[in-house]
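>>> Fold the following and give me the result.
(2 chains)
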Protein chains: 2
Amino acid sequence: MKLVSFDVWNTLLDINVMLDVMAVELSKLMGACIVDVVEGMMLTRERIKRMRAGTQGDPEKALEESQEMLAELLGTDVELVRRAAARATLKVGDEMVLPGAKEALEGVRRKGLKVTVTGNVMFWPGSYTRLLLERFGLMDYIEGTFFADEVLAYKPMPEMFRKPLDAFGVKPEDAIHIGDTYAEDFEGALKAGLWAVWINPEAEEVRRIHERGFEVPGVEGILEVLERIERG
Amino acid sequence: MKLVSFDVWNTLLDINVMLDVMAVELSKLMGACIVDVVEGMMLTRERIKRMRAGTQGDPEKALEESQEMLAELLGTDVELVRRAAARATLKVGDEMVLPGAKEALEGVRRKGLKVTVTGNVMFWPGSYTRLLLERFGLMDYIEGTFFADEVLAYKPMPEMFRKPLDAFGVKPEDAIHIGDTYAEDFEGALKAGLWAVWINPEAEEVRRIHERGFEVPGVEGILEVLERIERG
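Numbers count the residues shown, from 1 in each chain, chains lettered A, B, ... in the order given. Below is the predicted model of the structure:
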């Protein structure tokens, strides 16, 4: 193994912390009831996740599309959605860093492997996620960041997984991707020829579930997976 | 007059504050001498400004191109350029807000006109500039933000100036753009059919320099310009 690619949201950072703060800010900017905003965000999120699992939706407009869908559903201006995202990026605290995230990144780096992040975007751009990874000290372990709105592809599209491999000259069979969304992260990585790890919080232990695939209860499970693959 | 479009850098925010902090962060990340980094940034900036004045350069890659040119000139990885931009966005203080900026925005809003910003991007994305405008309280006066990496055009291209007009249903002759770069802001706006104001710090007073154009010593000059146009 030469490269480990991490998903960001709900793998390294807790998306609910971000969504909660963004909902508060958006409801303030709109002068609307927070319950309606939260409901609109959840609905839009589900719709987009479904669209992407089927790789529908224009990869060149993944971010704008999500912001516009949310603005339309809430009957507000897309500019307020963008402002709420900016405010949330400034306000969230490091309680959004998931337990085990730093240990996982550090452990992988200590093994001498390349570390990248490969992330989809929704409601806010990849540049804000990069800023949060920087703010919370995670970027010190990460050598490459690949976000959907910059790559112009999204998971589970194979192009998205190939980008970090091309950047570091690594073959798919020497790379492994870990993430929490089965269709985007696990199936996507396998289809692109990589090894894959699915974070399933309901799993009780690290378990092999595919020729090149594992399920783990949390992100730090990547270290045990790497050891198992090494042992063959 | 119905809409006033403001350039951001060196019109509302001091770009030198941002570039200085970014140079410090980039030199730390690279382990390089700050003088070399500053020189590299200045050189790249001049090159890009020249390219854009002649509308050379791919409008779809304006941001990536500038980050890659800088990384190449400094012999470093583009990821470090992006990280330095993220750190600078987090670290800069409100001394970057230019004198008269808030007064200008507030005065224009008080007149009941639409306020937008229309900005080119270099080294960092428009989303970071939006975040800074939010952080320093300027977004409270701004109803629409149009950044080159989101619009996929840049000043002085007419498409760039037409975007806010289309968004608010305003005719070019009912709009005025103010900025500090003669070719990008002044000539660009005039060519797109708008009124134009050039911020020339060496000017001694507000002066008409074109049928639809003025020069002003600072951004707050927009208020006098608007009064003069009203008076006819």
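>>> Would you mind finding the longest helix in chain A?
helix A:34-53 (DSSP state H).
>>> So what touches that helix?
Helix A:34-53 is contacted by residues A:19-20, A:22-24, A:26-27, A:30, A:57, A:65-66, A:69-70, A:73-74, A:120, A:122-123, A:154-156, A:181, A:183-184 when judged by C-beta atoms under 8 Å, 6 or more residues apart in numbering or on different chains. In this view, the C-beta of every residue, glycine as well, is placed from N, C-alpha and C.
>>> Ok, stretch A:211-229 next?
A:1, A:4, A:6, A:11-12, A:98-101, A:103-104, A:107-108, A:111, A:113, A:176, A:178, A:186, A:190, A:194-209.
>>> Quick one: buried ones out of those residues?
The neighbour-count test (16 or more other C-beta atoms under 10 Å in any protein chain shown) marks A:1, A:4, A:6, A:11-12, A:98, A:100-101, A:104, A:107-108, A:113, A:176, A:178, A:186, A:190, A:194-200, A:203, A:206 as buried among the contacts of stretch A:211-229.
>>> Show the pLDDT at the most far-flung residue of chain A relative to its centre.
Here chain A reaches farthest from its C-alpha mean at A:Gly31, the gap being 30.1 Å by C-alpha atoms, centre = their mean. A:Gly31 carries a pLDDT value of 97.
>>> where does it fall, phi/psi-wise?
Main-chain torsions, A:Gly31, degrees, to the nearest 10: phi 70, psi 40.
>>> What distance do you get for A:Leu133 to A:Val35?
Using C-beta to C-beta, to the nearest Å, A:Leu133 is found at 31 Å from A:Val35.
>>> do A:Met1 as well
Counting by C-beta to C-beta, the gap from A:Met1 to A:Val35 is 46 Å.
>>> related to what we said a few turns ago, and A:Leu133 and A:Val35? which has more neighbours close in?
The neighbour count for A:Leu133 versus A:Val35, taken as other C-beta atoms under 10 Å in any protein chain shown, is higher for A:Leu133 (25 against 10).
>>> Check which helix or strand the more buried one maps to.
helix A:126-135 (DSSP states H and E).
>>> Close to chain B: what parts of chain A are there?
A:64, A:79, A:82-83, A:86-87, A:89-90, A:124-125, A:127-128, A:130-131, A:134-135, A:139, A:143-145, A:150 (C-beta under 8 Å from any C-beta of the partner chain).
>>> Quick one: buried ones out of these?
The neighbour-count criterion (16+ other C-beta under 10 Å) marks A:79, A:82-83, A:86-87, A:89-90, A:124-125, A:127-128, A:130-131, A:134-135, A:139, A:143-145, A:150 among the residues of chain A next to chain B as buried.
>>> Contact partners for the closest residue to A:Glu134 other than its chain neighbours?
Leaving aside its chain neighbours, A:Glu134 sits nearest to B:Ala86 (4.4 Å; criterion: C-beta to C-beta, 6 or more residues apart in numbering or on different chains). Counting by C-beta under 8 Å, 6+ apart, B:Ala86 makes contact with A:127, A:130-131, A:134-135, A:139, B:124, B:128.
>>> Looking at B:Ala86 now. What's its pLDDT?
For B:Ala86, pLDDT reads 98.
>>> so which strand or helix has it?
Secondary structure (DSSP H and E) places B:Ala86 in helix B:78-91.
>>> Within its local environment, how many residues does A:Arg109 see?
16.
>>> Same question for A:Ile229.
The number of residues near A:Ile229, taken as other C-beta under 10 Å, comes to 14.
>>> Identify the residues contacting A:Val151.
Per C-beta under 8 Å, 6+ apart, neighbours of A:Val151: A:159-160, A:163.
>>> Please pick the buried ones from those residues.
Buried members of the contacts of A:Val151, counted by 16+ other C-beta under 10 Å: A:160, A:163.
>>> so what's A:Ile178 up against?
Residues in contact with A:Ile178 (C-beta under 8 Å, 6+ apart) are A:4-7, A:11, A:185, A:196-199, A:216, A:219, A:222, A:225.
>>> and if we set it to 10 Å?
Applying C-beta atoms under 10 Å, 6 or more residues apart in numbering or on different chains to A:Ile178 gives the contacts A:4-7, A:11-12, A:104, A:108, A:118, A:185-186, A:189, A:195-199, A:214, A:216, A:219, A:221-222, A:225.
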